[in-house]
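# Here's a sequence, model it:
(one chain, ligands or ions: 1)
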Amino acid sequence: MFRRSDGMCFACSPRNPIGLHLEFSHEGDICRTTFTAGNEHQGWDGVLHGGLVTTLLDEAMAQWLWHRGVAAMTAEMLTRFSLPVPVGVPVTVEAWKEGCRGRLWELSARLILPGGKVAARATAKFLTVKENG
Ligand SMILES: CCCCCCCCCCCCCCCC(=O)SCCNC(=O)CCNC(=O)[C@H](O)C(C)(C)COP(=O)(O)OP(=O)(O)OC[C@H]1O[C@@H](n2cnc3c(N)ncnc32)[C@H](O)[C@@H]1OP(=O)(O)O
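So this is what the prediction gives:
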């Protein structure tokens, strides 16, 4: 049905010419990345598009799992947009595990503005993919 990765992930692949080119670090139980949006990423003038805010949060959670050898797909996600995310400033995205039951993983993530305010939060459920995909 799908390939696990051909190295063209929109969020993280360095080979994707229109990708976000995110790089992740892992510290304890936290998966972290930083991103500075450009004008090409905006929806409202000067504001990062909400779909891309969700992409950043989703990818950080997926990378938390991937780093631990878990190949899982997002099955459900809820995003709360609390503050606009301006383009041109570096933001930090953090993800962590909330729980796991069988193939079902629950994770949370947040996007932090310079200065420390949280602009968006997400919770999501991921399901480990079956071997035959
Ligand atoms: C050089 C560079 C290389 C780069 C390399 C890096 C690669 C790094 C990879 C990361 C990349 C990340 C990318 C971002 C993460 C996406 O964005 S993933 C893409 C978005 N998500 C999707 O497209 C998923 C679409 N959905 C599906 O394919 C299928 O529904 C799923 C999620 C695989 C599950 O299907 P399934 O395995 O057939 O499971 P299913 O039988 O439906 O459900 C199993 C059980 O879970 C339960 N369940 C299903 N959904 C839910 C739910 N939402 N809540 C609770 N229970 C649920 C079911 O009720 C069922 O329960 P039981 O009946 O067993 O009691």
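# Please report phi then psi for the one residue sitting closest to the centre of the chain.
Centroid check for the chain by CA atoms, centre = their mean gives E59 as the closest residue, at 2.6 Å. Dihedral pair for E59: phi -60, psi -40, per degrees, to the nearest 10.
# Does it touch G19 like I think?
No - if you go by CB atoms under 8 Å, E59 and G19 don't touch, sitting 10.5 Å apart. No exception for glycine: its C-beta is placed from N, CA and C like everyone else's.
# So which bits of stretch 23-41 are buried?
24, 31-33, 35, 37, 41 (16 or more other CB atoms under 10 Å).
# who in the protein is up against the ligand?
Selection of the chain residues close to the ligand by CB under 6 Å from any ligand atom yields 5, 7, 9, 12-13, 58-59, 62, 66, 73-76, 104, 125, 127, 129-130.
# Can you tell me which helices and strands the helix or strand where M73 lies packs against?
Assigned by DSSP states H and E, M73 belongs to strand 72-81. In this structure, strand 72-81 makes packing contacts with helix 50-67, strand 118-128, judged by 3 or more CB pairs under 8 Å, 6 or more residues apart in numbering; DSSP states H and E.
# Just send these back as CSV, with mean pLDDT and distance to F81 too.
Formatted as CSV, the helices and strands packed on strand 72-81 follow (pLDDT from 0 to 100; distance: least, CB to CB, whole Å):
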stretch, mean pLDDT, distance to F81
helix 50-67, 98, 6
strand 118-128, 98, 5
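# one step back: what about the strand holding M73, distance to the chain center?
Put simply, strand 72-81 sits 9 Å off its chain's centre (CA atoms, centre = their mean, to the nearest Å).
# Just the buried positions in it, please.
Going by neighbour count (16+ other CB under 10 Å), the buried part of strand 72-81 is 72, 74, 77, 79.
# Identify the residue nearest G50 in space, chain neighbours excluded?
Leaving aside its sequence neighbours, G50 sits nearest to F81 (CB to CB, 6 or more residues apart in numbering; 5.8 Å).
# What pLDDT is listed against the one you found?
Listed pLDDT for F81 reads 98.
# Return the residues in contact with it.
Residues in contact with F81 (CB atoms under 8 Å, 6 or more residues apart in numbering) are 50, 53, 119-120.
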